[in-house]
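Q: Predicted model and sequence follow; I will ask about them next.
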Amino acid sequence: MSALKPSDVRRSFSPEFKWQVVQESKARLLSASALARKYDVNTNQLFRWVREAQLGKALWVRRAHGEQALPAASTPFLPVCVQATEAPPAVHQGAITVSFRSGHQLVLHQATPDMLRQLVVALSC
């Protein structure tokens, strides 16, 4: 059984700590790499925290400001059954045959009224 090295353990930082580091980076007293070395974090991690703080949408930013993660629901969820108000369009079982002067025939099976309307418009042009 091997013991874990400090580099093998994933560290987690509190929202307050992240906020403090971001505020210190905004002051620009130290370079980003010097600030990362000071707090023993990766420079890429520091840049990510700064970017998340600028956007303000990260959960840790809201927690650092003391906001709740999600607002409390004012009304509880009520399950509702919904039924369709319109009947589905009826499918006609007949077939329509359109004969052209050239002798060709077009057979439409299960034609809907909308399909017939489009056919009449196309043939009347």
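A: Thanks, I have it. Please read these numbers as outputs of a predicted model, since none were measured by experiment.
Q: any idea how far residue 22 is from residue 39?
A: Distance, residue 39 to residue 22, by Cβ to Cβ, to the nearest Å: 11 Å. Yep, even glycine has a C-beta here, placed from its N, CA and C like the rest.
Q: other SSEs contacting the worst-scoring helix or strand of the chain on mean pLDDT?
A: Every helix and strand in the chain was compared by mean pLDDT, DSSP states H and E; the lowest is helix 59-64, with a mean of 80. With contacts taken as 3 or more Cβ pairs under 8 Å, 6 or more residues apart in numbering; DSSP states H and E, helix 59-64 sits against helix 15-27, helix 43-55.
Q: So what's the gap between the first one and the chain middle?
A: In terms of Cα atoms, centre = their mean, to the nearest Å, the gap separating the centre of helix 15-27 from the centre of its chain is 29 Å.
Q: Return the next helix or strand after it as PDB; C-alpha atoms alone will do.
A: Sequence-wise, the next helix or strand downstream of helix 15-27 (DSSP states H and E) is helix 32-39. Once non-C-alpha atoms are left out, helix 32-39 reads as follows in PDB (Å, rounded to 0.1, in the frame of the first residue of the first chain):
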ATOM      1  CA  ALA A  32       0.100  36.600 -12.300                       C
ATOM      2  CA  SER A  33       2.900  34.100 -12.100                       C
ATOM      3  CA  ALA A  34       4.300  35.700  -8.900                       C
ATOM      4  CA  LEU A  35       0.800  35.700  -7.300                       C
ATOM      5  CA  ALA A  36       0.200  32.100  -8.300                       C
ATOM      6  CA  ARG A  37       3.500  31.200  -6.700                       C
ATOM      7  CA  LYS A  38       2.700  33.200  -3.600                       C
ATOM      8  CA  TYR A  39      -0.600  31.200  -3.100                       C
END
